[in-house]
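In: The sequence and its predicted three-dimensional model are supplied below.
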Amino acid sequence: MRVLVTGWPSFLHGEATAGDVLAMEAVRGALAGNGVRCDVAWSPVFRPGGLDLGRADPARYTHLVFACGPLHGRQIEELHRRYAGCARVAVGVSVIDPDDPAVTGFDAVLARDTPAAAPRHDLAALPPTPSVPVAGVVLAPGQAEYGTRRRHDRIERELTEWLGARECARLPLDTRLDPRDWRLFTTAAELESALRRLDVVVTTRLHGLVLALKNGVPALAVDPVGGGAKVTAQARAWSWPAVVTVPERGGPERGETEREGPLLDPRELDRWWEWCLSPEGAGRAPALPPDGSMIGELMDVLGAR
C-alpha cells in the first residue's frame, strides 16, 4: 500500500491556503503514524523542487487521498482520469453538488460539510504547529527630499528579499492614518496596540523605529538614505544599536548601478535579527529614553512657562 496525498495546493493553477496545507499534513501524519508509506504532491509554484503531480507516477500508488477544499472543477476531474487505477478517497472536503463528477469520481467521500449530513470539524485543526517570531514590517516611501542620496527602492527590494527567507510571520504595517481605508489604522493608539503584540519590528521608517522602542519592541532599523539620515540619527538619540546604514556612494543619478553589488550585507542583517530576538535585545530598554526636553524648550520659546 502506498498513498499519494493531494489537495488544492497540489495543482499548478490551484491555491495553497494555510488550511489546505494543514489538512494535507494531518493526513500525511496519520498515514505515517500508522506505518503507511505515503508521498505528498505540491504545486511547483508553492514548493519548487518538491514532488509534483507531473512526477508522481500513478503506477507507484495504490491509493490517492484528496484533502480539504470544495470538490468541484476541471482540475479534480483530471485527477480522477490520471489516477484512475488508484482507489480514490476525499476527506475533510465540502460537497456542494453530490452529483458533480468531481464528487462521484471518488470511491469514498468523508466530507466536512455536505447537504446530506451534519458538519464535522475541519482537518486543519489537528496538526500542531510551532510558534515563530512575529515581525512587523514598516517601510518608508520614496522621500524625494533626499535627492540623489535616496536608496529606498533598492533597500526595500534587498531587505524584503532577505526578510522573505526568514522563518517568521511577516505583518506589513503602515504609519499612515486614514479613516477612509479599512486597511489602515485610524488612530495612533490602534497602530501602537498592534506594535505591542509583535516580537520584532523591521523598518526603514523613523517612526517605525521610534514607536517600536516606545512600546518595548526591539527594532531592526535600516536607513534608506545613503550615508545615513534621520533613521540613523534617531537610533543614535535612543542609543539603539540595531541600525544599518548604507554607504553614500554616488547614487543612480551619478552613475551607480546594481552591478556594483548589493547595498545590504545579509550577514549584518542576520546578526541584528538574532540579537533583536535574543534575551539581550528583546529585554533591552533604550539607554536614553525620551526625556521630553524639546517640549520644555518649546514652552520656553512660546513663553508658556
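Out: Happy to help now that I have it.

In: Does Ala117 touch Val109 like I think?
Out: No: between Ala117 and Val109 there is no contact under Cβ atoms under 8 Å: 10.3 Å. (Glycine included, C-beta is placed from N, CA and C.)

In: more neighbours, these two?
Out: Neighbour count, other Cβ atoms under 10 Å: between Ala117 and Val109, Val109 has more, with 18 against 10.

In: Wait, that one touches Val93, no?
Out: Yes: contact criterion Cβ under 8 Å: Val109 and Val93 qualify, at 6.8 Å.

In: where do the contact lists of the two overlap?
Out: Leu71 (Cβ atoms under 8 Å, 6 or more residues apart in numbering).

In: show me where the stretch 151-300 of the chain has strands.
Out: Remark: strands assigned in the stretch 151-300 of the chain by DSSP state E, counting those that start in this stretch are 169-173, 200-203, 219-223, 243-245.

In: Include mean pLDDT, distance to Gly49 and mean neighbour count when you put these into JSON lines, please.
Out: JSON lines is the format used below for these (pLDDT from 0 to 100; distance: least, Cβ to Cβ, whole Å; neighbours: other Cβ atoms under 10 Å):
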{"stretch": "strand 169-173", "mean pLDDT": "98", "distance to Gly49": "22", "mean neighbour count": "15"}
{"stretch": "strand 200-203", "mean pLDDT": "98", "distance to Gly49": "27", "mean neighbour count": "26"}
{"stretch": "strand 219-223", "mean pLDDT": "97", "distance to Gly49": "29", "mean neighbour count": "27"}
{"stretch": "strand 243-245", "mean pLDDT": "96", "distance to Gly49": "31", "mean neighbour count": "20"}
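
In: Any chance of those strands in CSV with distance to Val231 as columns?
Out: Listed next are the strands of the stretch 151-300 of the chain as CSV, based on distance: least, Cβ to Cβ, whole Å:
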stretch, distance to Val231
strand 169-173, 16
strand 200-203, 8
strand 219-223, 4
strand 243-245, 7
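
In: So for Asp153, which of the ones you listed sits nearest?
Out: Of all the strands of the stretch 151-300 of the chain, strand 219-223 sits nearest to Asp153, with 13.2 Å by Cβ to Cβ.

In: what helices or strands is that closest one leaning on?
Out: With contacts taken as 3 or more Cβ pairs under 8 Å, 6 or more residues apart in numbering; DSSP states H and E, strand 219-223 sits against strand 200-203, helix 206-214, helix 230-238, strand 243-245, helix 266-277.

In: deepest of these, which one?
Out: Sort these by mean neighbour count, taking mean count of other Cβ atoms under 10 Å, and strand 200-203 sits at the top with a mean of 26.

In: For that one, what is the distance to the chain centroid?
Out: Mean-position distance between strand 200-203 and its chain equals 13 Å (Cα atoms, centre = their mean, to the nearest Å).

In: Can you give the distance from stretch 190-209 to the centre of its chain?
Out: When distances are taken as Cα atoms, centre = their mean, stretch 190-209 is centred 16 Å away from the chain's centroid.

In: Repeat that for stretch 140-150.
Out: 27 Å.

In: same check, this time on stretch 281-298
Out: 32 Å.

In: same question, stretch 11-31
Out: Taking Cα atoms, centre = their mean, the mean C-alpha location of stretch 11-31 is offset from the chain mean by 18 Å.

In: Many thanks, we can stop here.
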